[in-house]
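Participant: give me a model of this one.
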Amino acid sequence: MRHHNTNRKFGLEKGPRKALMRSLVRSLVLHGKIQTTSEKAKELRPMVEKLVTRAKSGSLPARRLLQSKTGSASVAAKLIVDIAPKYKSRNGGYTRIIKLGTTRNDGSARAIIEFV
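Facilitator: As a prediction, the model looks like this:
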């Protein structure tokens, strides 16, 4: 049964879907703002929020977990050193999604996801 299973699949198997999300997380952390489909942005937001919350502690286990989730030591370092201190006094809500409308060719809804 599929009760309470509302994860978006994007027409991909588990491995490629995980790689897609990891790539989106990396791009968002490195650039601070990315443009993608609104469905991908909505799926990306909880992942990034949890990573920033984990980065706020800055401990060695947190660093190792961030490296495993993002696949890059430089991205984990940027999360801990640059991004997390900005949100030290904030309890969640680190990102915002701005809807842009649809594309002309396939009608997919576009959005910008960025750090607040």
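Participant: number of residues surrounding the nearest residue to Ser108 once chain neighbours are set aside?
Facilitator: Closest residue to Ser108 apart from its sequence neighbours, by C-beta to C-beta, 6 or more residues apart in numbering: Thr37 at 5.3 Å. C-beta here means a position set from N, CA and C on the backbone, and glycine is covered the same way. Number of residues near Thr37 (other C-beta atoms under 10 Å) recorded here: 18.
Participant: give me every residue that touches Thr37.
Facilitator: Residues counted as contacts of Thr37 (C-beta atoms under 8 Å, 6 or more residues apart in numbering) are Ser108, Ala109, Arg110, Ala111.
Participant: which residues does the nearest residue to Leu79 once chain neighbours are set aside contact?
Facilitator: Nearest residue to Leu79, sequence neighbours excluded (C-beta to C-beta, 6+ apart): Ala55, at 4.1 Å. Residues counted as contacts of Ala55 (C-beta under 8 Å, 6+ apart) are Ala62, Leu66, Ala76, Leu79, Ile80, Ile83, Ala84.
Participant: could you measure from Ala55 over to Lys69?
Facilitator: According to C-beta to C-beta, to the nearest Å, Ala55 and Lys69 sit 10 Å apart.
Participant: can you check Tyr87 too?
Facilitator: Using C-beta to C-beta, we find Tyr87 at a distance of 18 Å from Lys69.
Participant: just the buried ones from the contacts of Ala55?
Facilitator: Neighbour counting over the contacts of Ala55 (16 or more other C-beta atoms under 10 Å) leaves Ala62, Leu66, Ala76, Leu79, Ile80, Ile83, Ala84 as the buried ones.
Participant: how about the helix or strand hosting the third one as PDB, C-alpha atoms only?
Facilitator: The one in question is Ala76. Here Ala76, judged by DSSP states H and E, is contained in helix 73-78. Output in PDB follows, covering the C-alpha atoms of helix 73-78 (Å, rounded to 0.1, in the frame of the first residue of the first chain):
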ATOM      1  CA  ALA A  73      34.200  18.200   2.200                       C
ATOM      2  CA  SER A  74      34.300  21.800   0.700                       C
ATOM      3  CA  VAL A  75      30.500  22.000   0.700                       C
ATOM      4  CA  ALA A  76      30.300  20.800   4.300                       C
ATOM      5  CA  ALA A  77      33.000  23.300   5.300                       C
ATOM      6  CA  LYS A  78      31.000  26.100   3.600                       C
END
